[in-house]
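Trainee: generate a structure from the sequence data that follows.
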Amino acid sequence: MKSVDLHRDPCAQLREAFRKRSRLSIRAASRRMGYRSHRALGMVLEGKRLPSPRLLAKLSRQLGFSDMEESRLRRLVELKRTGEEPDAQSLARIEDPLRGTLTLPPEKFDPLSDWYLFVVKQLIECPSFEFTPRYLEARLGRQVPVHQIIQAIEKMLRLGLLRREKKTGRLVVEPGKFRSTHDVPSATIRRYHRLWLKRVAESIERHAVDERENLSLTLRFDRSRVGEAKQFLRYVREEFDRRFAPAPGDDDVFQLAMHFFPVTEPVVRTEKL
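Mentor: So this is what the prediction gives:
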């Protein structure tokens, strides 16, 4: 019998999870998921077909998968649909979506800390991009002087984030992603966050409600779980980036910002008199 590599086979992973976690038969599980026939689930568990996004979501909930587990399986299914056998590099990317992302320490992030720099970097890949003062100023809502935008482009050229084609002189974005360090005190990163918070406040007045989303949640929380919450929010950010990855025709730049912070101070215990 041919051995199965669980890390490469999403159907084998679902079959193993179903065997260990489900107390229902395939027929009963199918009915609970809203399917009249058990055929679709049976074929997935037998490895005869890949699960549809809807079936995978329903089965993940029934088996008690975490969001991260479901996301990992979904990425593996998408990879298998290409018909290519997953190699070590693609599997590593599934296990760690941030693999290949360059982490910049505060001293290297400092030259990139103006809020509009990465916006301009994204604009350069827009189909409508024109390297003209009128275009650049208009696309940034006339909030940044043209000479500062030009300086930002020159800075990215020096740092290797951009390059110019020799024949045409066209600006080209170099491949690769960047992120700042996590949980490292830095005046530069604090300044960068303050600049974006200002943009968030301005967007509330500047943009119509159908162009933005502002959410909040106030809840009692255990401070010992802050680290866990931060890891989950980082996962959500990367999952958002994966799901809404830029397509060739995309011609606008948006910003996703998430904030999680205490609004009460810790209790100071004092001795009773």
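
Trainee: which parts of this protein are strands?
Mentor: Counting by DSSP state E, the chain has strands at residues 101-104, 162-164, 171-173, 177-180.

Trainee: ranked by average pLDDT, which of those falls at the bottom?
Mentor: Lowest mean pLDDT within the strands of the chain: strand 101-104, a mean of 58.

Trainee: and the gap between the residue nearest in space to the middle of the chain and E70?
Mentor: To find the centre residue of the chain, average its C-alpha atoms and take the closest one (Cα atoms, centre = their mean): that gives E238, at 2.0 Å. In this structure, E238 and E70 are separated by 14 Å, where distance is defined by Cβ to Cβ, to the nearest Å. All C-beta atoms are positioned from the backbone trio N, CA, C, and that covers glycine.

Trainee: could you list the low-confidence segments of the stretch 151-273 of the chain?
Mentor: Across the stretch 151-273 of the chain, residues meeting the criterion (pLDDT under 70) sit at 176-184, 270-273.

Trainee: residue boundaries of the helices in it?
Mentor: Listed in chain order, the helices found in the stretch 151-273 of the chain under DSSP state H, counting those that start in this stretch are 187-206, 226-243.

Trainee: list the contacts of W115.
Mentor: Residues touching W115, when contacts are defined by Cβ atoms under 8 Å, 6 or more residues apart in numbering, comprise Y192, L195, W196, R199.

Trainee: neighbour-wise, which one of those leads?
Mentor: Taking other Cβ atoms under 10 Å to define a neighbour, the member of those with the most is Y192, carrying 21 neighbours.

Trainee: in this structure it contacts S113, no?
Mentor: Yes: under the criterion of Cβ atoms under 8 Å, Y192 is in contact with S113, at a separation of 4.6 Å.

Trainee: contacting residues for L162?
Mentor: Each residue near L162 by Cβ under 8 Å, 6+ apart is listed here: K121, I124, I153, M156, L171, V172, V173, E174.

Trainee: which single one of the residues you listed is nearest to S224?
Mentor: Looking at those and their distance to S224, the nearest is K121, at 38.3 Å (Cβ to Cβ).

Trainee: now do the closest one, the pLDDT please.
Mentor: Per-residue confidence for K121 comes out at a pLDDT of 92.

Trainee: tally of neighbours for it?
Mentor: The burial count for K121: 20, using other Cβ under 10 Å.

Trainee: mind checking how far it is from L157?
Mentor: Here K121 is placed at a distance of 11 Å from L157 (Cβ to Cβ).

Trainee: need the residues that contact stretch 42-57.
Mentor: Contacts for stretch 42-57 (Cβ under 8 Å, 6+ apart): 4, 9-12, 14-15, 18, 26, 30, 33, 40-41, 59, 70, 73-74, 77, 80-81.

Trainee: for PyMOL, write the selection for the buried entries among the residues you listed.
Mentor: Per 16 or more other Cβ atoms under 10 Å, the buried members of those correspond to this PyMOL selection:
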select buried, resi 9+10+11+14+15+18+26+30+33+40+41+59+70+73+74+77+80
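
Trainee: which of the contacts of stretch 42-57 fall in helices?
Mentor: 10-12, 14-15, 18, 26, 30, 40-41, 59, 70, 73-74, 77, 80-81 (DSSP state H).
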